[in-house]
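Colleague: Model the following, please.
(one chain, ligands or ions: 1)
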Amino acid sequence: MDDAFLQQLTSLGGLTRTQVNVGHSNALAAHKDFKSLIIHRRLPDHGWTDAQIQLLLHLLSLLDTNHPQALQQQNTTTRWVGMGEREGRVYSSLVQQRCYGLSHGMGRSGDIGEAQPKAAGSSVLVQLTTKLVMDVIQRACGLTSMKHALAVPLCTGMSLQLVLQSMQLERPHKRKVLWSRIDQKSGFKSMMGLECIVVPTKMEGDQVITNLEALQAALEEHGDEVLAIMTTTSCFVPRVRDQVDEVAKLCQEHDVFHVINNAYGLQCPTVSKLINRGCTLGRVDAVISSMDKNFLVPVGGAIILSPHAERIQRTGKAYAGRASSAPLVDLFSTLLSMGLHGYQGLLAERQRLIETFPTRLNEVAEKHGERLLVTPLNSISYGITLSGSNVSRLGAMLFSRCVSGTRVVPRGSTKTIGSHTFENFGSSTDEFHTAYLTAACALGCTENEVDEFLKRLDKTLKEFKKKQSTSSEN
Ligand SMILES: Cc1ncc(COP(=O)(O)O)c(C=O)c1O
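Modeller: Numbering: from 1, shown residues only. Below is the predicted model:
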């Protein structure tokens, strides 16, 4: 490692040169791809091999103190002596292997975004992962309005909560969040502790859309007490993405924060364009996206994005404690394994599948006297009507044929979450004209899965309709 490289590590990790030098004494080797990655901080066009990724992870972990391979020297001498209560000790070698020896986590108790002095390698890994994901979000997803990111080991819902908490710390007298209704529990639960005002949606054909007039009225009614508006861009039909651009204008006019739940919206270019437009026309403070849904890693992380560095810094400071870096290690490894072209390929494959998916779904539905819900403003989730009685049974029948992820929503079910009761829960509106089934054509879904799903749906609907007619005859 030459001097310029060490200097880059120092600034990237937010460390002192001495800290990096100490870590560097543990390092075993260097590679030109590693050097290029550290210097340019952009995702390589082509994915790396597992061996390359593992080598880099091991190299980075050697920069941390207390690394098991760095503890014993000359057979007996212990190099690092850990005298704190948290010294990155890991008992199981299986666990050591799983985390590549990166056991210090990320951040400091006062700020998840801060460098950890005991962990030069982990600190670099966190910063590098953030740069790589930001690069992919801009160059592959087209979400160019977002300039700053914080990758956190929290699900989407908890990340929304963290962002709101940071906003509340800034404006302590404001406690109300206006929420354009979307029947997904995590979003709603993220506002517990604050006062959520559920703003009703409205119908447009089969689509459940943002009710801008109701939002405007709620802003006027609750005035100075409103902290933020929360909108959603990815959801199950019949709900479609919120009119984020129009809401952004309202937020600007009324000086309230605008938080966007973009759980799995990164895979959808129209959603990215809509958010960019919102940033140009009005106000967007934070966008929260799931790591697993958008980047195919195990559940456990989210990416908080913002056009403003200050929002990200404040959010990092609101995180209580040090955090696990495991979801970031997964994201880092996955991004390097995909490369930019690999990820673009996945996005393109999804776009290819959605060109025919709705038509093919409609064909199956029509064979059984049903039809596709017409929801052009949702290009991830699709639905078909379900007529007759006992529709919930269809979901169980599909599951027993090894089809997961579909949702059957009967009419008129009521659900209470916290102190709020939602009428007709599932459809994001008090009244929807039909029961229905949804299926998502999401990132990572293969053509083979689509073919199999449509075949099994066809068979299951046939059997289901037969059961329906038999029970109506009896
Ligand atoms: C709109 C929306 N928000 C949030 C979530 C939940 O994400 P998480 O489990 O990461 O909190 C989902 C899950 O499907 C969702 O559809």
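
Colleague: Now do the buried residues in stretch 86-94.
Modeller: If you call a residue buried by 16 or more other CB atoms under 10 Å, then stretch 86-94 has these buried ones: 88, 90. C-beta: built from backbone N, CA, C; applies to glycine.

Colleague: Any idea how far apart the tips of that stretch sit?
Modeller: In terms of CA to CA, to the nearest Å, the two terminal residues of stretch 86-94 are separated by 20 Å.

Colleague: Pull the residues that contact it.
Modeller: The set of residues external to stretch 86-94 that reach it, using CB atoms under 8 Å, 6 or more residues apart in numbering, is 64-68, 82, 96, 99, 101, 103-104, 118-119, 322.

Colleague: and with 6 Å instead?
Modeller: Defining contact as CB atoms under 6 Å, 6 or more residues apart in numbering, one finds that stretch 86-94 is touched by 66, 96, 103, 104.

Colleague: now do stretch 456-467
Modeller: Residues lying outside stretch 456-467 but in contact with it, judged by CB under 6 Å, 6+ apart, are 364, 368, 394, 397, 398, 401, 403.

Colleague: Just the ones of these in helices?
Modeller: In this view, those that belong to helices under DSSP state H are 364, 394, 397, 398.

Colleague: contacting residues around the second one?
Modeller: When contacts are counted by CB under 6 Å, 6+ apart, residue 394 is found next to 408, 464.

Colleague: Can you give the distance of stretch 224-244 from its chain's centre?
Modeller: Distance of stretch 224-244 from the chain centroid (CA atoms, centre = their mean, to the nearest Å) equals 15 Å.

Colleague: element containing residue 468, please.
Modeller: Assigned by DSSP states H and E, residue 468 belongs to helix 447-473.

Colleague: Of all the residues in that helix, which ones are buried?
Modeller: 450, 453, 454, 456, 457, 460, 461, 464, 465, 468.

Colleague: tell me the mean pLDDT for it?
Modeller: The average pLDDT for helix 447-473 rounds to 92.

Colleague: swap in stretch 193-208?
Modeller: Per-residue scores along stretch 193-208 average to 96.

Colleague: if you look at it, does any of it touch the ligand?
Modeller: No - Stretch 193-208 does not reach the ligand (CB under 6 Å from any ligand atom); its nearest approach is 13.1 Å.

Colleague: Straight-line length of that stretch, end to end?
Modeller: Here the two ends of stretch 193-208 are set 28 Å apart, with distance taken as CA to CA.

Colleague: Give the phi and psi angles for residue 345, as a check.
Modeller: Backbone dihedrals for residue 345, given as degrees, to the nearest 10, come out at phi -60, psi -40.

Colleague: cool, and the one 10 residues further on?
Modeller: Dihedral pair for residue 355: phi -70, psi -30, per degrees, to the nearest 10.

Colleague: Could you report the neighbour count for it?
Modeller: Other residues near residue 355 come to 9 when the count uses other CB atoms under 10 Å.

Colleague: Next: residue 207.
Modeller: Counted with other CB under 10 Å, the burial measure for residue 207 works out to 19 neighbours.

Colleague: Alright, that wraps it up for me.
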